[in-house]
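Chemist: coordinates only, sequence not included:
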RNA sequence: GCGUAGGUGGCAGAGCGGUCAAUUGCAAUAGACUGUAAAUCUAUCGCCCCAUGGGCUACGGGGGUUCAAAUCCCUCCCUACGCA
C-alpha cells in the first residue's frame, strides 16, 4: 500500500544521468516491473512538437507505461521554468501515488531534479511572459555593474552570492527583486512527504560518445531537420530555438545558412552534446548539493547492473 | 615557367623590429549554478622548474642584418589564385 499517510513517507524513484545514457528505456523497464509511472525531468521535452530534437520517448517505446510532464507547454507562447515544473511534478507524484503506482522521475535536467528532491521553495513569480520578456529586454541594456548595484539595493544577500559576471542571472535576480523584494533564502526544507531513491546511470566516455554520434545520425534520418523547419513554419522563431540550445539552436543556424553543410552541423552538434554531458556530470558531482551524495551510480553497459538496480529498488520499496 | 597573395600554437585567424609564449574565436579540460538550466557564467589551455617568480623551445626550412626579429633582407620548400 503506497497511499500517503501522515506517518509514512512515500517512495519515489529517480533515474538520472547524462544524455544518451539509456535512462528512458531503463525507466520503462523498471516501471513495468514495479508497477510504476514515469515523470519526465527534462526541460525541453515538456514542449509540444519538440520530439526528435529532444530525443523524446515514442509511444511505442513507452510500452504502455504512463508518462507525465511530456508535452505540457507550447514552445511558441509559453516558457516553462523550474518552479512550474516542480509544482507539476509534485502533482503528478500525488496522482500516481493515489492509485497505488510507483512514481519514477526520469531525466537529465539536474537543476529540476535537485529542486524537487531538496524541496526548495520558490514563490510564485506572478508575472506574465510578455511582461517578463519586456523587462528582460529593458534590463539587457544595462551593464553587469549597474544590475549588480540595483540588486544590492534590493536584496543584499542574493547580491553577495550571485555570479556578478552572469548577466542573465543578474537580470533575473533584479526582476525577482522588483516583484518580490527580498528573495527568501533558499534552503532545504526537511522533506517529510517522500523518500527518494536516486539511481544514476553512467557510461565510459568512449561508449557514450559513440552512442551520442550514432543517435545523432539516426535522428537526422528520422527527419530532425524537417521537424525544426516545421516548428519554424508554425511560428517558433529562430531566436527562441537558439534559446533552446543544442539541436534546435544549431539546426536553426543551419536553416538560416550560418552553418553551411550537414556534415559541419553534425560535427558541431556532436561537440555541443558532449559539452552538455560534461555540464551534467559537473552538476551531479557538486558536493554542495547534499542529495548528490545519495545517488547510486551504475554503469549502463554492464548487463548485470540492470538486475542490481532492480534489486536496489526492491530493497528500497521493502521499507514501506 | 612567370606574376601575385600567403605559410603563426589542435583548427580558424590577428600581430608585421623591442612591452610576444604571441589579440581573438572555436575545440579541449576543470568549475559554478535557486526561476530560459539542452540555457547562462568562470578558470586553465607550448614544455619544464625550488613556481604571484624563473628557465627552455617556438611563428614553413636554412642563412643574414640588428643590442633586439613572428615582424627586415637573401635563399630554398609548400599552398591558393591569376597568366602562360
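Modeler: Great, that's in hand. These numbers come from a predicted model, not from an experiment.
Chemist: Buried ones in the longest strand anywhere in chain A, by neighbour count?
Modeler: If each strand of chain A is counted by residues according to DSSP state E, the longest one is strand A:194-202. By 16 or more other Cβ atoms under 10 Å, the buried positions in strand A:194-202 come out as A:194, A:196, A:197, A:198, A:199, A:200, A:201, A:202. C-beta here means a position set from N, CA and C on the backbone, and glycine is covered the same way.
Chemist: can you tell me which residue is nearest the centre of chain A?
Modeler: A centroid search over chain A (Cα atoms, centre = their mean) returns residue A:109, at 2.6 Å, as the residue closest to the centre.
Chemist: how close does it sit to residue A:181?
Modeler: Between residue A:109 and residue A:181 the computed distance is 29 Å (Cβ to Cβ, to the nearest Å).
Chemist: Next: residue A:47.
Modeler: Summarising the geometry, the distance separating residue A:47 from residue A:181, computed by Cβ to Cβ, is 32 Å.
Chemist: again, but for residue A:42
Modeler: The value you get for residue A:42 to residue A:181, if Cβ to Cβ is used, is 33 Å.
Chemist: Also residue A:48?
Modeler: Distance from residue A:48 to residue A:181, counting by Cβ to Cβ: 35 Å.
Chemist: more neighbours, those two?
Modeler: residue A:48 (15 against 10; other Cβ atoms under 10 Å).
Chemist: who touches the more buried one in this structure?
Modeler: If you count contacts by Cβ atoms under 8 Å, 6 or more residues apart in numbering, residue A:48 has them with A:71, A:72, A:73, A:74, A:75.
Chemist: try 7 Å
Modeler: For residue A:48, the contact set (Cβ atoms under 7 Å, 6 or more residues apart in numbering) comprises A:71, A:73, A:74, A:75.
Chemist: And residue A:169, by the same measure?
Modeler: With contacts defined as Cβ under 7 Å, 6+ apart, the neighbours of residue A:169 are A:162, A:163.
Chemist: How far off centre is stretch A:226-234?
Modeler: 23 Å (Cα atoms, centre = their mean, to the nearest Å).
Chemist: and it, average pLDDT?
Modeler: Averaging the model's pLDDT scores along stretch A:226-234 yields 96.
Chemist: now do stretch A:243-255
Modeler: Mean per-residue pLDDT for stretch A:243-255: 95.
Chemist: just stretch A:31-38 next, same as before
Modeler: Looking at stretch A:31-38 alone, the average pLDDT works out to 96.
Chemist: now that stretch, how far from the centre of its chain.
Modeler: Using Cα atoms, centre = their mean, the distance from the centre of stretch A:31-38 to the centre of the chain it belongs to is 21 Å.
Chemist: For it, give me every contacting residue.
Modeler: A:27, A:30, A:63, A:65-68, A:96, A:101-104, A:106, A:310, A:313, A:317.
Chemist: again, only using 10 Å
Modeler: For stretch A:31-38, the external contacting residues (Cβ atoms under 10 Å, 6 or more residues apart in numbering) are A:2, A:11-13, A:15, A:23-24, A:27-30, A:57, A:62-70, A:92-93, A:95-97, A:99-107, A:310, A:313-314, A:316-317.
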